[in-house]
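[1] Could you work out the structure for the sequence below:
(one chain, ligands or ions: 3)
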Amino acid sequence: APNLTVKDLSVAIEGKEILKGFNIEVKGGEIHAIMGPNGTGKSTLASALMGHPKYEVTDGEVSFNGKDLLEMEVDERAREGLFLAMQYPSEISGITTADFLRSAINSKRGEGNEISLMKFIRQLDKKMEILEMDEKYSQRYLNEGFSGGEKKRNEILQLLMTEPKIAILDEIDSGLDIDALKVVANGVNAMRSPEFGCLIITHYQRLLNYITPDFVHVMMQGRIVKSGGPELAARLEAEGYDWIKEELGIED
Ligand code: ADP
Ligand code: MG
Ligand code: MG
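    Ligands and ions are numbered 1, 2, ... in the order given. Down below sits the predicted model:
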């Protein structure tokens, strides 16, 4: 079963340490939520795990399905089944969403094992239906001129089409209205299986009304400071983060 284990991870950007001894273990079948105030290093965690060159790992270990993730090239991480939906998805001109998805699937499957066009189209239709997406999106250039909500939906379409083992979803809920939020949640819930683990990064509890996490972690100042179940998210929504700061004696 899938497993992502992050141990004492420290990460610096331009010499400034952002993650400071971060620990988590995500297994197949589990959905973890990471919540925390802005600027606490949530996106840094996601980027570092995907191997963004700007993020320097200064300490710690990460294993992904038993392999050393930090030794893997960026594309290798994706091929092995690690997926990142970004807070700010980029636009790619000149390549359609469908072509992009097909090449993402094929690069995972490897040469000589490409998905047939028929099968690809069948899957695409099925997944777009789950996400209530109009067929025409697949023929548009990737994210170009997409609204914020369409970009997020598109990220989840990638998730459903590429079927990763572990996914990190960074602020997938930001800028979504309630209907789009439900659709995105449906997509993530459709992935739930013992063969899939998920790390949902979110500033607000709202999304967690539709995707029930097994674990909720609060992140502050570059590390997890508190963990619990869904009730922890509800308390954060009601009371904010101050009570945790007080509990831990953290000053702003
Ligand atoms: P969060 O996602 O929790 O809001 P981030 O990981 O985006 O937090 O940011 C954590 C800290 O790292 C912030 O102080 C931010 O300014 C800094 N930071 C993040 N990305 C960069 C970057 N590419 N260059 C310089 N500083 C960055
Ligand atoms: Mg932020
Ligand atoms: Mg962020």
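[2] Export stretch 244-252 to PDB, keeping only CA atoms.
    Output of stretch 244-252 as PDB, limited to C-alpha atoms (Å, rounded to 0.1, in the frame of the first residue of the first chain):
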ATOM      1  CA  ILE A 244      -3.300  26.800  20.000                       C
ATOM      2  CA  LYS A 245      -0.800  29.600  20.200                       C
ATOM      3  CA  GLU A 246      -1.700  30.200  23.800                       C
ATOM      4  CA  GLU A 247      -1.600  26.500  24.600                       C
ATOM      5  CA  LEU A 248       1.900  26.200  23.100                       C
ATOM      6  CA  GLY A 249       3.200  29.600  24.200                       C
ATOM      7  CA  ILE A 250       3.800  30.700  20.600                       C
ATOM      8  CA  GLU A 251       4.200  34.400  20.000                       C
ATOM      9  CA  ASP A 252       3.400  36.000  16.600                       C
END
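[3] Please see if that stretch touches ligand 1.
    No: under the criterion of CB under 6 Å from any ligand atom, stretch 244-252 makes no contact with ligand 1; the nearest approach is 13.0 Å. All C-beta spots, glycine's among them, are computed from the backbone N, C-alpha and C.
[4] how far is that stretch from where the chain is centred?
    28 Å (CA atoms, centre = their mean, to the nearest Å).
[5] pLDDT on that stretch, on average?
    Averaged across stretch 244-252, the pLDDT comes to 85.
[6] Show me what that stretch is in contact with.
    Stretch 244-252 is contacted from outside by 218, 220-221, 225-226, 236, using CB atoms under 8 Å, 6 or more residues apart in numbering.
[7] So which of the residues you listed belong to helices?
    Using DSSP state H, L236 are the members of those that sit in helices.
[8] Pull the most distant pair out of the contacts of stretch 244-252.
    Maximum pairwise distance in those, criterion CB to CB, is 16.1 Å, between Q221 and L236.
[9] of the two, who's got more company?
    L236 (22 against 18; other CB atoms under 10 Å).
[10] What separation do you get for that one and ligand 1?
    As judged by CB to the nearest ligand atom, to the nearest Å, L236 and ligand 1 stand 14 Å apart.
[11] Next, the contact list for that residue, please.
    With CB under 8 Å, 6+ apart, L236 has these contacts: 35, 205, 218, 244.
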